[in-house]
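Student: generate coordinates for the sequence data below:
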Amino acid sequence: MAALKERVKTVILREKLIKEGDLVLVGVSGGADSLSLLHILNQLRREKFISFSLHVAHLNHGIRGDSARGDAEFVRRTAKKMHLPCTVGEVNTNIFRKRWKLSTEDAARHLRYSFLEQLAKRIGAPLIAVGHNKDDQVETLLLNFLRGTGLDGLAGIKFKRKTGDGKHFLIRPLLETSRTEIEQYCRENGLHPRIDETNLDTLFLRNKIRLQLLPLLEEDFNPNLREGLSRLSFLLSLDNNYLESAASRRLAAIICDEKTGRLELDGEKLLQEHEALQGRILRLAIRRVLGSIPREIGYNRIRDIIKMCRKSSSHAELHLARGLKVSKSYNKLAVMMRKTEKRESFSPILLPVPGKGVLQEKGMAIEAGIFSPEELKWPPCGRKEAYLDYDRVLLLSGGRKKESVPASGLKLLVRPRREGDIFFPLGSPGKKKLKKYLIDEKIPLHERGSLPLVLAGEAIIWVAGKQISQECKVSENTRKVLVLRLKEQ
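Tutor: Sure, this is the predicted structure:
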């Protein structure tokens, strides 16, 4: 089967699966697919058509007892014969399955890829090679079809894709090779793969498709079904790639803010997108935050997010799988990891006038200075700067005369909001609850607890970065101007 080796070489070059100097981690179960993959890659490595190295990996899922331990020992011996380094891991799939309420198949898959990704990171391998073949592609397409998938699922398996952590690539050099060719390759090269008895258990849906559904469809409907489904998958992958590219461009256009573990989108603009792109944009946003899209976040959960976006309520949230949370605050939609969501508060500080106060927890500082109106450029520089009548501030802080200053010097208090706070916004006919002001201004919930409030006595004179108080506005009678500036520390 020299032709198969040459075909795999062609796939590697055409799809740019391996480049010069790469370390490739090969996932080997001991079955025919992974064993033939390892054998072919090792031959190509020795030919040095591309200079790359191999590391063998095997995971015992803790399901099949002595049989699984035999598989692990077989892979160790095989790697040793090829003079290749080998790492074997062991997990308890049943405990993981029960904890996360997954099927055995999904739990084993998650643990397997997690093991491969962690090992790849540890040994510095940019690539993880697995033995998926042409028949796996057909079975995956039918499996996804029965689940009610979209284009993503019907496009099937890719030759190369990023792993869940986004730091490595998963490659499939055998994707154009049938299982029949793989079994023949094993026979002709004296390879004796292990038999996994669970592959014959039709309680698993994939096995049922392979052992019952596919033979039935080929016998009664189309003897060339596998070729037809492979062609369908290829054609749909072209359409899918086009839509993915369009969704990526539209996602970039509606991102409002991005931090580690958090992505904020313009919800109104999202709803203005074509329905064919809305779900794709959300999936890309989730992948950007998590590094992958968990199977648990499928069609229904994506529709739930879109429905939440359309609702008239100002605030709403959804808790999804893998610690993901999607929250709505007015027209903003935030996709975040729950563990990174914090009500950013800070300790109160005294701000000397003139002087500087540092909000350590927020990485910000507020500077205070006193100027004459003629010294200043008008208007103030955005909302990070506030101009206030110094004499009015002095009176609010407890000075009995405009000219009087406390013996210790004027000090303002900077603190987070408290229940019952009252504010007199500039231009407002009167005072209102601070909560009502923040709602009227559509300040997102997650920002409200972290807004610095500057107080003179008991009066809020500046909601930092937002608005000053009507009580301290500069007028034609102002002799001194208190200038407050909010700066990054």
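
Student: just checking, next helix/strand downstream of the helix or strand of the chain with the lowest mean pLDDT?
Tutor: Ranked by mean pLDDT, DSSP states H and E, the weakest helix or strand in the chain is helix 445-448, scoring a mean of 80. Note on helix 445-448: by DSSP states H and E, the next helix or strand toward the C-terminus is strand 453-456.

Student: mind listing residues that contact that following strand?
Tutor: Applying C-beta atoms under 8 Å, 6 or more residues apart in numbering, the contact partners of strand 453-456 are 351, 366, 393-394, 396-397, 412-417, 421, 434, 460-464, 472, 484. Any C-beta I mention is one placed from the backbone N, CA and C, and that applies to glycine too.

Student: pLDDT on it, on average?
Tutor: For strand 453-456, mean pLDDT is 95.

Student: now stretch 204-223
Tutor: On average, the pLDDT along stretch 204-223 is 95.

Student: what about it, how long is it end to end?
Tutor: 24 Å (C-alpha to C-alpha, to the nearest Å).

Student: buried set for it?
Tutor: Neighbour counts using 16 or more other C-beta atoms under 10 Å place Phe204, Leu205, Asn207, Ile209, Arg210, Leu214, Leu217 of stretch 204-223 among the buried residues.

Student: gap between the least confident helix or strand of the chain and the chain center?
Tutor: Centroid separation for helix 445-448 versus its chain: 22 Å, with C-alpha atoms, centre = their mean, to the nearest Å.

Student: what does stretch 16-32 give?
Tutor: Here stretch 16-32 is found 26 Å from its chain centre; the criterion is C-alpha atoms, centre = their mean.

Student: and stretch 433-452, by the same measure?
Tutor: Taking C-alpha atoms, centre = their mean, one finds stretch 433-452 lying 28 Å from the centre of the chain it belongs to.

Student: quick one: contacts of that stretch?
Tutor: By C-beta under 8 Å, 6+ apart, stretch 433-452 touches 314-315, 327, 329-332, 334, 341, 343-346, 359, 362, 364, 366, 414-417, 420-423, 425, 453, 460, 463-467, 486.

Student: which of the residues you listed are buried, as a PyMOL select command?
Tutor: The command below creates a PyMOL selection of those among these that count as buried (16+ other C-beta under 10 Å):
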select buried, resi 327+329+330+331+332+334+341+346+359+362+364+366+414+415+416+417+421+423+425+453+460+463+464+466+467+486
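
Student: domain assignment for this structure?
Tutor: Domain ranges of the chain: 2-223, 233-340, 349-488, per automatic domain parsing.

Student: among those, which gets the worst mean confidence?
Tutor: domain 349-488 (a mean of 88).

Student: could you grab the helix/strand/coil label for His58?
Tutor: Look at His58: counting by DSSP: H, G, I helix; E, B strand; the rest coil, its state is strand.

Student: quick one: the strands in the stretch 151-300 of the chain?
Tutor: 160-162, 169-171, 255-259, 262-266 (DSSP state E, counting those that start in this stretch).

Student: columns distance to Pro444 and mean neighbour count on top of these, output as a markdown table?
Tutor: Shown next, in a markdown table, are the strands of the stretch 151-300 of the chain (distance: least, C-beta to C-beta, whole Å; neighbours: other C-beta atoms under 10 Å):
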| stretch | distance to Pro444 | mean neighbour count |
| --- | --- | --- |
| strand 160-162 | 31 | 13 |
| strand 169-171 | 37 | 23 |
| strand 255-259 | 10 | 12 |
| strand 262-266 | 9 | 19 |
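
Student: which helix runs longest in this protein?
Tutor: Longest helix in the chain by number of residues (criterion: DSSP state H): helix 225-254.

Student: what about the strands of the stretch 151-300 of the chain, which gets the closest to Arg97?
Tutor: Closest of these to Arg97 is strand 169-171, at 22.6 Å (criterion: C-beta to C-beta).

Student: which residues sit against the closest one?
Tutor: By C-beta under 8 Å, 6+ apart, strand 169-171 touches 15, 17-18, 24, 113, 126-130, 159-163.
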